[in-house]
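S.K.: here is my input, please return the structure:
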Amino acid sequence: MQPKYKPPLLYALLPSLLLFSGCVPTSTTNPESGTVQERHDKAPDPEALTTQPIIINDQPGQIVELYQSSVPLSPQEQNQQRLHSIDSLLQAGDGASAKQTADTINPAELSPEQRVLLRLLYAQIQLSFGEAEQAIENLAQIQPQQLNLENRIKYLQSQAFAYSLTGNLLEGAQSRIELHSLITSPAELERNQAAILEALRLLPDTDLQTNQTDTLAGWMSLANILKYINQPDFNTQINQWRATFPAHPANLSFLDHPQDTQENMPGQPEIIALLLPESGTFAQAGKAIRAGFTAAYNHTSGHSKPVIRFYDSEQSAPATLYNQATSEGAQLIIGPLAKEQIQNLADTVSFNIPVLALNHIPGLQKNQLYQFSLSPLDDTEQIIQKAREDGHRKALLLIPDNSPGKRTASYLKEDWQNLDGILLETQTYNPKETDFSLPIQKLLNLDESEQRYDKILTLIPGIKYTPRRRQDADAILLSAYSAEARAINPQLQFYQAGDLPVYAMPTVYSGQVNAALDADLNKIIFCDIPWLFNKTYQGELGMDALKETWTQFPSSYFRLIAMGIDSYNLITHLDNLEADSYSGATGNLSLTTDQRIKRKLTCAKFIDGQPENTSPAPDKEQPDNHAIQ
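M.R.: Next comes the predicted model:
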């Protein structure tokens with residue numbers, strides 16, 4: 001079965017719908033309301049995403065006041081207050097709290113009008129979680145004529161948004177056409193008209209051919225004409241259209257401003273396919289990347305944003321998805337994520353459009369294939385460079401005894417030796433343990449010191465033993481996760497290695513400041529993505545701006561959210577990335593000769609339990625999140 005594509009938030013031009021992140025939580029269905037019930041599993045299973053603040057500081061009192069009236073409210077009045085509160089929470093972008101409030105309402109206690117409104121609110125809640133199909137089911141049970149004008153507008157907005165998410169372009173356009181007759185704001189009319197024409201423009205020409213003269217036919221005919229705006233007979237066709245549809249509600253004043261008719265900025269594709277896993281081993285990683293990607297997409301301004309179509313990379317072979325995406329008009333493909341899928345795609349397809357793969361396979365090189373990943377190649381190269389710049393040459397290496405640890409060790413050794421460093425000794429540790437004293441003693445040659453003492457003791461009984469670590473090393477290279485490092489670092493100090501600087505892989509930092517817990521990491525130096533450091537990434541989608549997104553994920557997914565931000569913002573930079581680097585959330589990005597996107601990281605040192613930036617300020621301007629129009 002062919003997977004459905006899901007056009008993105010392009011058509012959701014209304015303020016309330018722009019708040020939706022489009023990321024789907026782990027869920028079940030409430031049989032009473034037909035709505036999604038979130039399941040709060042243990043990490044690393046991330047829940048639904050929101051990208052806006054729940055309630056700003058001056059708002060909570062307004063909501064609390066609803067339940068503190070001096071006059072007792074009837075159950076129906078209380079429910080009306082709750083319905084109003086749900087709507088306010090949705091407008092603030094807090095779908096999770098809106099759902100919690102909605103679930104407290106017993107539909108049997110509602111009036112018929114209130115029950116219809118609750119169903120509409122549930123549909124909006126479902127859309128905030130990207131549950132478009134369930135939202136469509138809820139909306140189908142509503143009679144729009146039962147709604148007042150304000151709620152009928154919300155109904156049509158929600159319906160259009162849901163159809164666009166499920167790829168039903170014509171149905172979405174029809175909802176917006178009906179909406180066009182209800183709204184009066186000139187700005188909203190302009191945005192709604194742009195959405196109608198954009199949806200219809202993406203339909204095949206054959207679907208736009210009609211002999212009718214009704215309003216829908218007029219929109220379809222106009223969309224078809226606009227596809228050929230640069231043709232010599234364009235003005236003639238427009239005049240014929242005006243004659244055929246003299247009373248049509250479309251406003252053609254935008255044709256008087258040629259700059260407004262440019263379809264897209266140079267170098268920007270009109271349709272982008274995003275291939276991410278929605279099931280399987282990497283489903284949660286896919287959700288994190290999509291969360292960052294969607295946040296960056298929503299944040300950009302302009303009327304000519306590209307159309308994003310989502311494909312589940314687990315549902316079909318990579319070549320099948322590639323061919324489907326290109327046949328549906330994709331001019332750039334982002335993904336897939338799994339290495340085996342990237343290799344399979346490279347082996348079976350001749351790329352006729354650019355592909356930005358979201359992983360890296362060493363040695364793989366193909367025309368129009370770019371590889372972007374959080375590669376340990378960048379991590380090891382830059383921590384080694386930092387240690388050598390600090391004047392260290394003779395190092396000890398401590399790594400976990402597992403496959404990732406051994407792979408990281410090989411990168412560290414190679415980079416260290418490439419910079420004329422001397423690796424004195426390597427020791428492995430069991431990451432499942434908490435006592436690392438034995439490998440540390442071996443690393444520091446304390447075990448040999450004790451053996452020497454035993455020999456001396458046989459010659460000179462009663463001599464006092466003072467362990468003495470090796471003196472030839474001037475740095476320690478460490479690969480460890482934060483929990484392991486919190487035990488390793490104090491043990492290094494206990495065994496007289498407190499004066500040896502420790503240079504660690506970025507896994508040493510959880511990604512979230514915790515001064516009390518990370519006090520045991522003091523003095524450790526590491527290099528990581530700028531997005532994780534306070535005031536280092538100057539883009540508008542920093543951690544503070546996306547707090548409501550990353551708090552829904554375990555910390556191990558934070559870097560993938562930043563990768564999603566960059567994967568969208570890189571769209572207009574790929575052609576020039578080799579000559580002009582880009583300051584992104586995951587680092588200062590440049591292109592290598594083999595089409596790998598390389599990341600220059602930010603280095604930091606733990607001081608008082610917090611990572612302090614030790615890298616010089618970037619000499620390039622920070623990213624402009626409005627660059628994609």
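S.K.: strands along the stretch 301-450 of the chain, start to end?
M.R.: Taking DSSP state E, counting those that start in this stretch to define them, one finds strands in the stretch 301-450 of the chain at 307-312, 332-334, 355-357, 369-372, 394-400, 422-429.
S.K.: reformat those strands into TSV and put mean neighbour count, distance to A160 and mean pLDDT next to each item.
M.R.: Quick note: C-beta positions are derived from backbone N, CA and C, even for glycine. Shown next, in TSV, are these (neighbours: other CB atoms under 10 Å; distance: least, CB to CB, whole Å; pLDDT from 0 to 100):
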stretch	mean neighbour count	distance to A160	mean pLDDT
strand 307-312	24	15	91
strand 332-334	25	25	96
strand 355-357	25	29	97
strand 369-372	22	33	96
strand 394-400	23	51	96
strand 422-429	17	57	95
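S.K.: of these, which is nearest R469?
M.R.: Nearest to R469 among the strands of the stretch 301-450 of the chain is strand 394-400 (10.1 Å), distances taken as CB to CB.
S.K.: how about residues contacting that closest one?
M.R.: Contacts with strand 394-400, where a contact means CB atoms under 8 Å, 6 or more residues apart in numbering, come from 387, 405-406, 408-409, 412-413, 416, 421-431, 439-440, 443-444, 472-480, 484, 488, 500.
S.K.: for this protein, what helix or strand is lowest in average pLDDT?
M.R.: Among the helices and strands of the chain, helix 60-65 carries the lowest confidence by mean pLDDT, DSSP states H and E, at a mean of 35.
S.K.: can you give me the helices for the stretch 301-450 of the chain?
M.R.: Chain-ordered helices for the stretch 301-450 of the chain, with DSSP state H, counting those that start in this stretch as the definition, fall at 318-327, 339-348, 376-389, 403-418, 437-443, 446-459.
S.K.: should've said the stretch 51-200 of the chain
M.R.: Assigned by DSSP H, counting those that start in this stretch, the stretch 51-200 of the chain shows helices spanning 60-65, 75-91, 95-102, 112-128, 132-140, 149-165, 169-180, 186-201.
S.K.: looking at the ones you listed, which has the lowest confidence?
M.R.: By mean pLDDT, the lowest-scoring of those turns out to be helix 60-65, with a mean of 35.
S.K.: picking up where we left off before, would you format the helices of the stretch 51-200 of the chain as a markdown table with distance to N344 and mean neighbour count included?
M.R.: Formatted as a markdown table, the helices of the stretch 51-200 of the chain follow (distance: least, CB to CB, whole Å; neighbours: other CB atoms under 10 Å):
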| stretch | distance to N344 | mean neighbour count |
| --- | --- | --- |
| helix 60-65 | 52 | 11 |
| helix 75-91 | 42 | 18 |
| helix 95-102 | 37 | 22 |
| helix 112-128 | 34 | 23 |
| helix 132-140 | 29 | 20 |
| helix 149-165 | 28 | 23 |
| helix 169-180 | 30 | 22 |
| helix 186-201 | 33 | 19 |
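S.K.: for K535, what is the enclosing helix or strand?
M.R.: K535 is part of no helix or strand, with elements assigned from DSSP states H and E.
S.K.: how far away is it from E612?
M.R.: With distances taken as CB to CB, to the nearest Å, K535 is found 11 Å from E612.
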